[in-house]
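**Student:** what's the 3D shape of this:
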Amino acid sequence: MAIVVRIDVELAKRKMSVGEFAERVGITPANVAVLKNGRAKAVRFSTLDAMCRVLGCQAGDLLEWVDDDPAAEPAEKP
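**Tutor:** Residues are numbered from 1 along each chain as shown. Predicted coordinates:
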């Protein structure tokens, strides 16, 4: 998967547990684990909004695009 979720980095910066984070966001700790481990296929904007509010960060602090095919040609910019 080319999108990496960096929740663990933001939680560590704030010394916040997964349980506390999950409770404050309104999702289960199991769903936090799915996000952290890269198994999520989608994230609702309302969930992303709640995560950013709880952590006081931008969506780009939580999500990072990583090229999983380094041999591929970069796309041309319009």
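**Student:** Identify the residues contacting the residue positioned nearest the centre of the chain.
**Tutor:** Within the chain, one residue has its C-alpha closest to the average C-alpha position: by Cα atoms, centre = their mean, that is V5, at 3.3 Å. The contact partners of V5, taken as Cβ atoms under 8 Å, 6 or more residues apart in numbering, are L35, K36, G38, A40, L62, L63. Every residue, glycine included, has its C-beta placed from N, CA and C.
**Student:** same thing but 7 Å
**Tutor:** V5 is in contact with L35, K36, G38, L62, L63, counting by Cβ atoms under 7 Å, 6 or more residues apart in numbering.
**Student:** T47 too?
**Tutor:** Contacts for T47 were tallied using Cβ under 7 Å, 6+ apart; they are V25, I27.
**Student:** and the helix ranked longest in the chain, how far out from the chain's middle?
**Tutor:** Within the chain, and with DSSP state H defining each element, the longest helix by residue count is helix 45-55. Remark: helix 45-55 is offset 10 Å from the chain centroid, using Cα atoms, centre = their mean, to the nearest Å.
**Student:** what does stretch 57-71 give?
**Tutor:** Offset of stretch 57-71 from its chain centre (Cα atoms, centre = their mean): 9 Å.
**Student:** Same question for stretch 23-42.
**Tutor:** Averaged C-alpha coordinates place stretch 23-42 at 9 Å from its chain's average position (Cα atoms, centre = their mean).
**Student:** tell me which residues of that stretch are tucked away?
**Tutor:** Across stretch 23-42, burial judged by 16 or more other Cβ atoms under 10 Å covers V25, I27, V32, V34, L35, A40.
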